[in-house]
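> coords please:
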Amino acid sequence: MDLSLPIEKLPNVGPRNIPRLNRLGIKTVKDLLWHFPVRYEDYTETVSIDQVEPGQKVNIQGEVLKISSRRIFPRRMSVTNAIVGDSSGAIKVVWFNQSYIENQLTEGTLVSLAGKVSLNKHGLCLSSPTYEKIGSSNLQPNLKHTSGLVPVYPETDGVTSKYLRFLTKPIIENIKIDDPLPSQMLAKYNFPELSQAMRDIHYPTELLKAEVARERFAFEDLMLFQIKALLERRKINQLKSVSIEFDQPLIQEFIANLPFELTTDQKVALWEILKDLQKSYPMNRLMEGDVGSGKTVVALAAAYQAAKKGYQTVFMVPTEVLANQHYKTVALIVKDGSIKTCLLTGSESKLDGQDISKKLLKQKILSGEVNIIIGTHAVIQKDVLFDKLALVVIDEQHRFGINQRATLAKQIDSELVPHLLSMTATPIPRTLALTIYGDLDISLIKEKPKNRHKIITKIVMPKERSANYQFVREEVKKGRQVFVVCPRIEISDPKKEIKTGTKQSKMNILWADVKAVEEEYKKLSELVFPDLKVAMLHGRLKPKDKNQVMDKFKDGGYDIIVSTSVIEVGVDVPNATVMMIESAERFGLAQLHQFRGRVGRDEYQSYCLLLSSTVDKTTNQRLKALVECDDGFELAEKDMKIRGPGEFFGVKQSGIPDLGMAALANVDLIKKARAEARLLLKEDPSLKNYSLLKERLESFQKLTHFE
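Modelled structure (predicted):
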């Protein structure tokens, strides 16, 4: 069987079914075979009719004794009733809107039925069961749909599991596929070879075999992940970078002059970064730190040393508000007049606190007059050229790969590639980070800065709202400030609204978010807190207006700020002590924890209020986890267990095979896959003896991306 054969070449795939199968990602025979079942219906035991009980899922086999259809006119539906009997008795069977069954299962036909038994006023009944003709007196035929462990697949409109079984069963029965995994590796872990694993996952004779097959496929995906990451790292290690000497006295002086004391975690992370900068190949490090753990100051210390050695550093952040904040932080901390810092975003350009034309600023960056450049993506535009760029710091982990580095290398007109430090406040369990960001070294900052109170987190149900508003008023009376976050509006018809990433769909979502903020702002400023100063912040505001609102809020000009869920990452307002989240159940744990980290940044006691409008089990589980725990890494583990890795990483559309994705929660399997990937590449660095594995890797590399 040629796996690359287009699906339309298979028998029983008509023109109407091609687009439907495509919707499930099935375009070739390979896609069909790798479209694995989500579960199995257990019809391993055929029961006699006199043994069936209400609520049971059963397989019975017998003869059609009687069958007839009738139409029910007011409800415009048809009902097909049959009586099926075996040697022990008979049972009523009913199907709705499938009158053609009467012609297929004529009286006297031997049939196998699988479905749920219900009890109504007429007695026991099988309602809409799956059926297959047996066709002779042999009651052990080769049945696809009604006997044994029957696979249930992810489905879509017009493509049922029954149809998918109809397509896969003939292929699976005689399948022979060359296995990309070496036979010694399969033997080591007791994995079946590929053809057998394919039969076991689609049509297992027992559930344990299906599980082993599933683990084998997940292992393969994870190992490809690891090989990809190790090859990426090897590529980076072959590049050349500036070696920046570690100047210990300089760094000690910098730390001594800080207005606060660094935690042990911050010192360790800084040490790791400064040691990396000494190497002649580019640093590739991810600094993971909980919200408010002080990542920026660690990165700044590295940038300070680079500046003192005559090199430039770029800080790239996702939003203009955050770029402004970093710019002000640097001005507060770096008091050395010999170091020049600039801000460059889509709408602003500043040097040493003063506005400057973009043209002139770009000239100064090129001449090397500016040491630290802070900005949004505007800093890597083609017309921004550098003199001696040695370090790029990316806040909030936008994956910044080899291609962007190559672009920057061209911009500095040099063979040397800058060092890269990525920062994220979304804690990822370390083993997972090693899988997903296997090409990065990782520094963890878990400790919170000293003198920080634990943020009190509380779930607020609808009946407690007025007391909640009174509490907010009292905090404002004490001179404190409040963040209110509005949820993303649920779009009425997602299919219609979101045409995968089109400009129009993004605009629709943005407008929906703006509307949510405007409504909440109106309610709070006019009805709930008419006597307080309330402002709003959303994506439709011009960057300049956003900055003005944030600056005024930071300076105490507003008591309450109402924002969309994109409340600027990393925004630092020490006087804000209340984070109030509307419809908290609509957010993931990691995001709620991010919001919570916007408060509690000074010595005042702070609060996070989760306003919930539903009380379902999963919501409660998630919100309770937040109330009980303030460790981002622990929450990340819980979030992943509750939502599954695909949702947790926000990568449902990343092209990663589902099994590989699910296996990201299996630490033991990750470790095995990582060890095998290392051994393979050590023994055969270009995989020339593993041509099938190399082919799989190439198609895998096209598929997977964590941007």
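
> the strands in the stretch 201-350 of the chain, which residues?
Here the stretch 201-350 of the chain has its strands, by DSSP state E, counting those that start in this stretch, at 284-289, 312-316, 341-344, 349-351.

> Helices of the stretch 201-350 of the chain, residue ranges please.
Using DSSP state H, counting those that start in this stretch, the helices of the stretch 201-350 of the chain run over 207-237, 248-256, 264-277, 295-308, 320-333.

> And the strands of the stretch 201-350 of the chain, which one averages the lowest pLDDT?
In terms of mean pLDDT, the lowest-scoring of the strands of the stretch 201-350 of the chain is strand 284-289 (a mean of 86).

> Name the strands paired with that one and say parallel or antiparallel.
When pairing is defined by DSSP bridges, strand 284-289 lines up against strand 419-424 (parallel), strand 441-445 (parallel).

> Mind checking what helix or strand follows the shortest one in sequence?
Stepping forward along the backbone from strand 441-445, the first helix or strand reached (DSSP states H and E) is strand 456-460.

> by contact count, what packs against that next one?
Judged by 3 or more C-beta pairs under 8 Å, 6 or more residues apart in numbering; DSSP states H and E, the packing partners of strand 456-460 are strand 607-611, helix 617-628. Just so you know, the C-beta spots here come from the backbone N, C-alpha and C atoms, and that holds for glycine as well.

> what lines up beside the first one in the sheet?
Each strand that pairs with strand 607-611, with its direction, by DSSP bridges: strand 456-460 (parallel), strand 576-581 (parallel).

> Can you give me the buried ones in the shortest one?
Applying a neighbour-count criterion of 16 or more other C-beta atoms under 10 Å, the buried positions in strand 456-460 are T457, I459, V460.

> Please work out which residues outside that strand touch it.
Taking contacts as C-beta atoms under 8 Å, 6 or more residues apart in numbering, the residues outside strand 456-460 that touch it are 468, 584, 596, 605-612, 623-624, 626-627, 630.

> longest strand anywhere in the chain?
Secondary structure of the chain per DSSP state E: the longest strand is strand 57-72.

> what is the mean pLDDT for that one?
90.

> what's the answer for stretch 262-281, then?
95.

> Show residues contacting it.
Contacts of stretch 262-281 (C-beta under 8 Å, 6+ apart): 236-241, 243-246, 251, 255, 283, 285, 287, 289, 293-295, 297-299, 301-302, 305-306, 390-391, 419, 421, 441, 443-450.

> mind redoing it with 6 Å?
Here stretch 262-281 makes contact (C-beta atoms under 6 Å, 6 or more residues apart in numbering) with 237, 239, 241, 243-244, 246, 255, 283, 285, 287, 294, 298, 301-302, 419, 443, 445-447.

> Quick check: which element contains K30?
Using DSSP H and E, K30 falls in helix 29-33.

> got the buried residues for that helix?
For helix 29-33, by 16+ other C-beta under 10 Å, it's V29, K30, D31, L32, L33.

> related to what we said a few turns ago, comparing the strands paired with strand 284-289, which comes out most buried?
The highest mean neighbour count among these, using mean count of other C-beta atoms under 10 Å, belongs to strand 419-424: a mean of 25.

> how far out from the middle of the chain is it?
Averaging C-alpha positions (C-alpha atoms, centre = their mean, to the nearest Å) puts strand 419-424 20 Å from its chain's average.

> tell me the angle of that strand relative to strand 312-316?
Between strand 419-424 and strand 312-316, the angle comes out at 30 degrees (axes from the mean of the first three to the mean of the last three C-alpha atoms, to 10 degrees).

> what's in contact with strand 419-424?
For strand 419-424, the surrounding residues in contact (C-beta under 6 Å, 6+ apart) are 241, 277, 282-288, 295, 299, 391-395, 397.

> same thing but at 8 Å, please
Strand 419-424 is contacted from outside by 241-242, 244, 273, 276-277, 282-289, 295-296, 299, 302, 390-400, 405, 440, using C-beta under 8 Å, 6+ apart.

> Need the buried ones from those residues selected in ChimeraX.
Selection command for ChimeraX covering only the buried members of the contacts of strand 419-424, criterion 16+ other C-beta under 10 Å:
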select :241,242,244,273,276,277,282,283,284,285,286,287,288,289,295,296,299,302,390,391,392,393,394,395,396,397,400,405,440
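
> which helices and strands sit right next to the helix holding K30?
Counting contacts by 3+ C-beta pairs under 8 Å, 6+ apart, helix 29-33 packs against helix 161-173.

> redo that, cut-off 10 Å
helix 17-23, helix 161-173, helix 194-202 (3 or more C-beta pairs under 10 Å, 6 or more residues apart in numbering; DSSP states H and E).

> looking at those, which is buried most?
Scoring those by mean count of other C-beta under 10 Å, the most buried comes out as helix 194-202, with a mean of 21.

> That one vs helix 207-237, what angle?
120 degrees.

> Output the strands paired with strand 607-611 in JSON lines, with distance to P151 and mean pLDDT appended to each entry.
As requested, the strands paired with strand 607-611 are exported to JSON lines (distance: least, C-beta to C-beta, whole Å; pLDDT from 0 to 100):
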{"stretch": "strand 456-460", "distance to P151": "41", "mean pLDDT": "91"}
{"stretch": "strand 576-581", "distance to P151": "41", "mean pLDDT": "93"}
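
> my guess is D86 contacts V64, does it?
No: between D86 and V64 there is no contact under C-beta atoms under 10 Å: 11.4 Å.

> ok so, going back, would JSON lines of the buried residues of helix 29-33 with distance to P182 be doable?
Below are the buried residues of helix 29-33 laid out as JSON lines (distance: C-beta to C-beta, whole Å):
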{"residue": "V29", "distance to P182": "24"}
{"residue": "K30", "distance to P182": "21"}
{"residue": "D31", "distance to P182": "25"}
{"residue": "L32", "distance to P182": "26"}
{"residue": "L33", "distance to P182": "21"}
